[in-house]
Each structure stands twice: as C-alpha cells, then as structure tokens.
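Enquirer: Provided below for reference: sequence and predicted model.
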Amino acid sequence: MVVTDLTVCFSSSGPTHPYILDSQNWHRIEKELYLHTSRQTAWLHVAVAKEEDVTAKDFLVTDIRVGESPPSSGLGGMWESRPGGLWLLKEKSSGKSGRAVTKVDVLFGADAVEPRPQWTLIGSPLRLGGQPEVPGAKLTVLYGREEPISDARPVLRIKEDGKFKIVQISDTHMVTGVGICKDAIDAHGNALPESEADPLTMSFIGKILDIENPDLVVLTGDQVHHDTFDTQTALFKVFAPIIERCIPFAAIFGNHDSEGAHALSRKVSSPRLGVPTIGLQFVLTSH
C-alpha cells in the first residue's frame, strides 16, 4: 500500500460521533488527537492505494512536514496544505513508489520516541489549537517498503564462563507526555524540585543497560501508568533504550498496564510493537 493523501478531520459532535470520510480508500487512525480532553474531536485520516493499482498519472505522497508555512519546493512535485499545519509533498508515481510514504501513525508528547526500524518521527506536533497541557500529536512516517520482520526469536545462550545476565525492569509507570517526577531525592537524600519524569526514566534505563550489558531484559509489569491516554506512546519509551542496544527482551502486564478507558486489551499482542507482547517465555541453551 502507498499513501495518496491524508488530512485532519474535526467534529464538534463529541467523541461518540467521529467524522467519517465517504470513500473506501480512506481509513482513520484510531487515536483521538485531543486525547479526549475536548468537546471537539480531531482524527487523522489517511488515503491509501495498492501499489499495483497506481498509474503514472496518479500522485503519491513522498514527504510530510508540519509547520506554519510550506517547505521549499520539491523537485517534480508541489506542497499541498492540510488542516493542522500539515504539508504534503505529492509527486507523480512513475518510478517513485519505492520512496513514497507507505504508512502513517500518531504518537503524543514532546518526549515521544519511535523505536521501529525505518520509521521517522516528525518533531513538530500538529497545530490543532488544543490546551497547552495536553501532549501534542506527532506524526510518525514510514517511507518505502517495510522490510519483513523475522518470526524467529533470538537464541539465548549461556556464555562460555557459565554466566547469563538478566536485567529486570519493573514499575516504570510511563505516561502519555513527560509526566511529573515527585518526591525525588539526590544521592545525599536531599529533596529535588519536581521535574519531567519519563525522560529521567528513559535516561536511567539507558545508563543501567550500558553499565550491566545484559543478555536479556525482562519487563515485569506496570510499564504504563493507569489511565494513560495512549499506551503505544508510553510503551515505546520503555522499549526504545532496549531496542537501540539490540538487547532481547520480554514483557508481561502488571495491574496498571490495562487499567483505564483507553488502555489496551490484555488479550492482544503484536510482534511489530503496535501493541505489547503479553507472554513471557524463554529458554536458555549453552554452547
């Protein structure tokens, strides 16, 4: 599939009456862009087509930007404006489908991260005019064909010295947005002022992984705080330091991970990090 268009649709009818575009080529990203904090709702809609159905006369989206003014002109294409500060570079498909936009997703917050290979997170949030305390919606984009992900799991092996190191991470309580770190103390026990919580947690996890250099990371629950608006954004922040270091990991839910009106189901799993992996099973082998 390739992306041929996208737009932001607004509705003042409330969250139970989302705006639906009248076309089979359009689909809605199921993330309310105001995070259900406003009477008005906003949704990102994406138009797609099968690559084999696209003709040389059709236009594909080859780049996406967010801002007040259009970027500089693209070679062989033109930037088109859409609501929310969106700018789309659309070019004729002839010979260019390999670098077209093929998928679009939404993450939230200034500290949002994108650990999926080949995906690119757009730094500027959509310009939706929401409340400043609400984490801004950011687009993340896949350009070109996605490389297939092998179903084969890494083989965990005991080292020649007979050791196998596991780092256990629990109760990170990530949220949508940076969160607030309360009751923090320094190395001497002195109280610290309130600060942004999730960036501190990500930095701490990264430092621990660099020091310990584990063979496996096990996440044992409450990765996400209860009533988190977008669980995917929160989980990506937990996974990112581990994925960046190419360390195998496994995860299970705690009680908080599936609590709240917008939480993920405990019955859903996906190897592509769209949703969390629920099971925890691994086998160690020696050389």
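Expert: That came through, no problem.
Enquirer: what's next to stretch 193-203, contact-wise?
Expert: 111, 113, 172, 174-175, 177-182, 184, 234, 237, 240-241 (C-beta atoms under 8 Å, 6 or more residues apart in numbering). Any C-beta I mention is one placed from the backbone N, CA and C, and that applies to glycine too.
Enquirer: at 6 Å instead, please
Expert: Contacting residues not belonging to stretch 193-203 are listed as 111, 172, 174, 178-182, 237, 241 [C-beta atoms under 6 Å, 6 or more residues apart in numbering].
Enquirer: How about stretch 70-87?
Expert: With C-beta under 6 Å, 6+ apart, stretch 70-87 has contacts from 7-8, 65-67, 88-91, 126-128.
Enquirer: Who wins on neighbours among these?
Expert: Highest neighbour count within these, by other C-beta atoms under 10 Å: residue 88, with 24 neighbours.
Enquirer: That one reaches residue 59, doesn't it?
Expert: No: assessed by C-beta atoms under 6 Å, residue 88 is found out of contact with residue 59, at 9.4 Å.
Enquirer: Which parts of the protein are helices?
Expert: For the chain, applying DSSP state H gives helices covering 197-212, 231-244.
Enquirer: gap between the residue located most distally from the centre of the chain and residue 218?
Expert: Counting by C-alpha atoms, centre = their mean, the extreme residue of the chain relative to its mean C-alpha position is residue 161, 38.5 Å from that point. Look at residue 161 and residue 218: by C-beta to C-beta, to the nearest Å, they are 21 Å apart.
Enquirer: low-scoring stretches of the stretch 151-287 of the chain, by residue?
Expert: Counting by pLDDT under 70, the stretch 151-287 of the chain has low-confidence residues at 266-287.
Enquirer: Now do the strands in it.
Expert: In the stretch 151-287 of the chain, the strands defined using DSSP state E, counting those that start in this stretch lie at 156-158, 166-169, 180-181, 195-196, 216-219, 249-251, 284-286.
Enquirer: nearest to residue 261, of these?
Expert: When the strands of the stretch 151-287 of the chain are ranked by proximity to residue 261, the top entry is strand 180-181, at 21.1 Å, counting by C-beta to C-beta.
Enquirer: what lines up beside that closest one in the sheet?
Expert: With DSSP bridges as the test, strand 180-181 is paired with strand 195-196 (antiparallel).
Enquirer: starting at the chain centroid, how far to the partner strand?
Expert: Distance, stretch centre to chain centre, for strand 195-196: 21 Å (C-alpha atoms, centre = their mean, to the nearest Å).
Enquirer: any idea of the pLDDT on residue 98?
Expert: Note on residue 98: pLDDT of 67.
Enquirer: swap in the one 3 residues further on?
Expert: Model confidence at residue 101, given as pLDDT, is 92.
Enquirer: list the contacts for it?
Expert: Neighbour list for residue 101: 3, 61, 141 [criterion: C-beta under 6 Å, 6+ apart].
Enquirer: Now flag whichever of those residues is closest to residue 211.
Expert: residue 141 (34.2 Å).
Enquirer: Near residue 182, how many other residues are there?
Expert: 10.
Enquirer: Not counting sequence-adjacent ones, nearest residue to it?
Expert: residue 194 (5.7 Å; C-beta to C-beta, 6 or more residues apart in numbering).
Enquirer: Mean neighbour count, the helices of the chain: which tops it?
Expert: helix 231-244 (a mean of 22; mean count of other C-beta atoms under 10 Å).
Enquirer: Show me how far that helix is from its chain's centre.
Expert: The answer for helix 231-244 is 8 Å, by C-alpha atoms, centre = their mean.
Enquirer: Let's see that helix as PDB, backbone CA atoms only.
Expert: As requested, the backbone C-alpha atoms of helix 231-244 are provided in PDB (Å, rounded to 0.1, in the frame of the first residue of the first chain):
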ATOM      1  CA  THR A 231      -0.400   3.200  25.700                       C
ATOM      2  CA  GLN A 232       1.600   2.800  22.500                       C
ATOM      3  CA  THR A 233       3.500   6.100  23.100                       C
ATOM      4  CA  ALA A 234       4.200   5.200  26.700                       C
ATOM      5  CA  LEU A 235       5.400   1.700  25.800                       C
ATOM      6  CA  PHE A 236       7.700   2.900  23.100                       C
ATOM      7  CA  LYS A 237       9.500   5.000  25.700                       C
ATOM      8  CA  VAL A 238      10.200   1.900  27.700                       C
ATOM      9  CA  PHE A 239      11.300  -0.300  24.800                       C
ATOM     10  CA  ALA A 240      13.400   2.300  22.900                       C
ATOM     11  CA  PRO A 241      16.600   2.200  25.100                       C
ATOM     12  CA  ILE A 242      16.500  -1.600  24.800                       C
ATOM     13  CA  ILE A 243      15.900  -1.800  21.100                       C
ATOM     14  CA  GLU A 244      18.600   0.800  20.400                       C
END
